[in-house]
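> need a 3D model of the following:
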Amino acid sequence: MQSTQASNAVFETKKVEEIKLAISEGRFQVNSEKVADGLLETVKDLLNARKR
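The predicted structure is shown next:
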(Lines give C-alpha, C1' and ligand atoms only; values in the text may rest on other atoms or scores of the structure.)
Protein backbone atom coordinates (compact mmCIF):
# COMPACT_ATOMS: atom_id res chain seq x y z
CA MET A 1 0.00 0.00 0.00
CA GLN A 2 2.80 2.40 0.82
CA SER A 3 4.38 1.99 -2.63
CA THR A 4 1.10 3.18 -4.19
CA GLN A 5 1.17 6.29 -2.02
CA ALA A 6 4.80 6.90 -2.95
CA SER A 7 4.10 6.63 -6.67
CA ASN A 8 1.12 9.00 -6.30
CA ALA A 9 3.33 11.49 -4.49
CA VAL A 10 5.89 11.35 -7.29
CA PHE A 11 3.18 11.82 -9.90
CA GLU A 12 1.66 14.74 -8.04
CA THR A 13 5.04 16.41 -7.59
CA LYS A 14 5.75 16.05 -11.30
CA LYS A 15 2.33 17.46 -12.16
CA VAL A 16 2.85 20.44 -9.84
CA GLU A 17 6.24 21.16 -11.39
CA GLU A 18 4.75 21.02 -14.89
CA ILE A 19 2.00 23.45 -13.91
CA LYS A 20 4.47 25.80 -12.21
CA LEU A 21 6.60 25.82 -15.37
CA ALA A 22 3.56 26.46 -17.58
CA ILE A 23 2.52 29.39 -15.35
CA SER A 24 6.00 30.90 -15.37
CA GLU A 25 6.15 30.61 -19.17
CA GLY A 26 2.66 32.07 -19.61
CA ARG A 27 1.29 28.85 -21.13
CA PHE A 28 -1.15 28.03 -18.32
CA GLN A 29 -4.69 29.13 -19.01
CA VAL A 30 -7.55 28.87 -16.54
CA ASN A 31 -10.94 27.83 -17.84
CA SER A 32 -13.05 30.24 -15.77
CA GLU A 33 -16.30 28.54 -16.80
CA LYS A 34 -15.06 25.19 -15.47
CA VAL A 35 -13.88 26.82 -12.22
CA ALA A 36 -17.23 28.59 -11.77
CA ASP A 37 -19.15 25.36 -12.40
CA GLY A 38 -17.02 23.57 -9.81
CA LEU A 39 -17.59 26.31 -7.24
CA LEU A 40 -21.35 26.24 -7.83
CA GLU A 41 -21.43 22.46 -7.39
CA THR A 42 -19.48 22.76 -4.14
CA VAL A 43 -21.84 25.42 -2.81
CA LYS A 44 -24.86 23.29 -3.76
CA ASP A 45 -23.35 20.28 -1.97
CA LEU A 46 -22.62 22.35 1.14
CA LEU A 47 -26.13 23.78 1.20
CA ASN A 48 -27.68 20.35 0.78
CA ALA A 49 -25.50 18.92 3.55
CA ARG A 50 -26.59 21.73 5.87
CA LYS A 51 -30.30 21.00 5.29
CA ARG A 52 -29.94 17.43 6.59
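
> quick one: neighbours of F11, just the number.
F11 has 10 neighbours, counted by other Cβ atoms under 10 Å. C-beta: built from backbone N, CA, C; applies to glycine.

> ok, now how distant is it from L46?
29 Å (Cβ to Cβ, to the nearest Å).

> please apply the same query to K15.
Here the criterion is Cβ to Cβ. By it, K15 lies 27 Å from L46.

> can you check K20 too?
Applying Cβ to Cβ, the value for K20 to L46 is 30 Å.

> just give the number of residues close to A22.
Using other Cβ under 10 Å, A22 has 12 other residues around it.

> quick one: contacts for it?
By Cβ atoms under 8 Å, 6 or more residues apart in numbering, the contact set of A22 is F28.

> quick check: pLDDT value at it.
pLDDT for A22: 96.

> can you report phi and psi for it?
Dihedral pair for A22: phi -60, psi -40, per degrees, to the nearest 10.
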